[in-house]
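Chemist: Sequence first, predicted model second:
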Amino acid sequence: MTSSPGSPDSSGSPESPGTGASPGDDLFQLVFRSAPWTFQSLYVTARLGLADLLGDGPLTSDELAAATHSDADALYRFCRAVAALGLFREHPGRVFELTPSGEAFRGGGLAQFTIVNGAENFRSWADVMYTVRTGKPAFDRIYGMPAFAFLDRDEEARKVFHTMVGRGTVPPAVDSCDFSSDTTVVDLGGSVGTLLAHILRERPGLRGVLQDLPTVVGEAPAVLAGAGVADRVEIVGRSFFDGVPAGGSTYVLSRVLHDWGDDDALRILRNVRAAMAEDSRLVVIDQVIPEGGGFHPGKFSDLQMLVVLGGRERTVEEFRDLLLRAGLKVRHLRPPADDPAGSPRTEAVIEAGV
């Protein structure tokens, strides 16, 4: 078989992106590092829980294979590749040890994120040209239904998705919000309540309402009880397309609107507006894409929203226009904190009112 970008010849192997001798070398390294084998090797690591197995000390690939019911030679080759990415350290005798980077894969939200995006979502990207040519999510074509309808029907996929949400990081931007004058915070599309628990934990006089689909909120009581706030939260198992609870002083849409195209996002916002009192406020936490060129993680998560969900990341002006059409005005916008690495965990906070 002739050599290809998937099997580099003896002329050299890719180093870190940006260290090539020419722009062509840099591009090759970028393509090589972004190729399916890289992400799917991480998917195997997360799906099999290899980092958790190595958490108590080094193991051989044979021991890992026995513990995960995998082919020993195949798993060794995957572990060797993951070691090359820096998550494991390989020792003689096919022994692997967890590195500090690999610690991030131990049962956390990052591992669940990788599982979610290495399964159904990954298949969607294989049909990306359908999305490019039609503007419609490839997920719908491959699975015959929208992604959230799929999650509602597939218990295993739903559990993995909401484990990711539940174990994932609370948006750092929420800590810049002032809830001191609030009485009731309504978290819409709040999954199992991780964000709401974070808000309530340090504010004993504050109450909360958690709303999400009935198939989602079933695990919320345990999350809220673990945070010691269950007695202060009302759980509403209902789609926000069917209505939003009235009586909130603040309504929160965190990492929600980007899941939806403008028409559906407008339906959500109009339901929120109908529930709000004159002195209520809406807090939106989401990526905000800056105008102009240059790297920004939102430009890529925007494509994920498009291909999988039919949603979109938005600019400030697009948010402003959307909110205005729903009868809401932007009162204040806090951009993401400066982050030279361009972390995808950084989001803006948009506060709006009637």
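Modeler: Structure received.
Chemist: what's around Val217, how many residues?
Modeler: 21 (other CB atoms under 10 Å). Every C-beta, even on glycine, is put in place using the N, C-alpha and C of the backbone.
Chemist: Surely it is in contact with Ile235?
Modeler: Yes: between Val217 and Ile235 there is a contact under CB atoms under 8 Å: 5.2 Å.
Chemist: what's the overlap in contacts for these two?
Modeler: Here Val217 and Ile235 have Gly193, Leu210, Gln211 as joint contacts, going by CB atoms under 8 Å, 6 or more residues apart in numbering.
Chemist: what helix or strand is the residue most central in space within the chain on?
Modeler: For the chain, the residue nearest the mean C-alpha position is Phe113 (6.1 Å; CA atoms, centre = their mean). In this structure, Phe113 sits in helix 109-118 according to DSSP states H and E.
Chemist: on that earlier part again, most neighbours, which of the shared contacts of Val217 and Ile235?
Modeler: Counting neighbours by other CB under 10 Å, Gly193 leads the shared contacts of Val217 and Ile235 with 30 neighbours.
Chemist: Could you verify my assumption that that one touches Ala220?
Modeler: Yes: between Gly193 and Ala220 a contact is recorded at 4.3 Å, counting by CB under 8 Å.
Chemist: Could you report the separation of the residue nearest to the centre of the chain from Ala51?
Modeler: Separation of Phe113 from Ala51 (CB to CB, to the nearest Å) stands at 14 Å.
Chemist: what's the first-to-last distance across stretch 326-335?
Modeler: Start-to-end span of stretch 326-335 (CA to CA, to the nearest Å) is 22 Å.
Chemist: So what touches that stretch?
Modeler: 173, 176, 266, 269-270, 272-273, 281-282, 288, 316, 319-320, 323, 348-354.
Chemist: Same question for stretch 204-215.
Modeler: 151-152, 158, 179, 182-193, 196, 199-200, 217, 220, 224, 229, 232-240, 244-245, 247-248.
Chemist: what is the rounded mean pLDDT of that stretch?
Modeler: Here stretch 204-215 scores 95 as its mean pLDDT.
Chemist: Use 55 as the first number for this chain going forward.
Modeler: Sure thing, new numbering starts at 55, so read that last one as stretch 258-269.
Chemist: end-to-end on that stretch?
Modeler: End-to-end span of stretch 258-269 (CA to CA): 28 Å.
Chemist: on that earlier part again, buried among the contacts of stretch 258-269? Make that a PyMOL selection.
Modeler: Listed next is the PyMOL selection for buried residues among these, using 16 or more other CB atoms under 10 Å:
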select buried, resi 205+206+212+233+236+238+239+240+241+242+243+244+245+246+247+250+253+254+271+274+278+283+286+287+289+290+293+294+298+299+302
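Chemist: List the ones among the contacts of stretch 258-269 that fall in helices.
Modeler: Leu205, Asp206, Arg212, Leu250, Ile253, Leu254, Val271, Ala274, Leu278 (DSSP state H).
Chemist: circling back to that earlier point, overlap in contacts, Gly247 and Ala274.
Modeler: Leu264, Val287, Ile289.
Chemist: Throw the residues you listed into CSV and include distance to Leu84, thanks.
Modeler: Listed next are the shared contacts of Gly247 and Ala274 as CSV, based on distance: CB to CB, whole Å:
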residue, distance to Leu84
Leu264, 42
Val287, 46
Ile289, 45
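Chemist: Going by distance to Arg366, which of the residues you listed wins?
Modeler: Distance to Arg366 across these (CB to CB) is lowest for Leu264, with 25.6 Å.
Chemist: Kindly confirm my reading that the closest one is in a strand.
Modeler: Yes: assessed by DSSP: H, G, I helix; E, B strand; the rest coil, Leu264 belongs to a strand.
Chemist: I'd like to know how far it sits from Val136.
Modeler: 37 Å.
Chemist: try Ala279
Modeler: Distance from Ala279 to Val136, counting by CB to CB: 36 Å.
Chemist: So for those two, which sits in the more crowded spot?
Modeler: The residue with more neighbours, out of Ala279 and Val136, is Val136; 23 against 14, by other CB under 10 Å.
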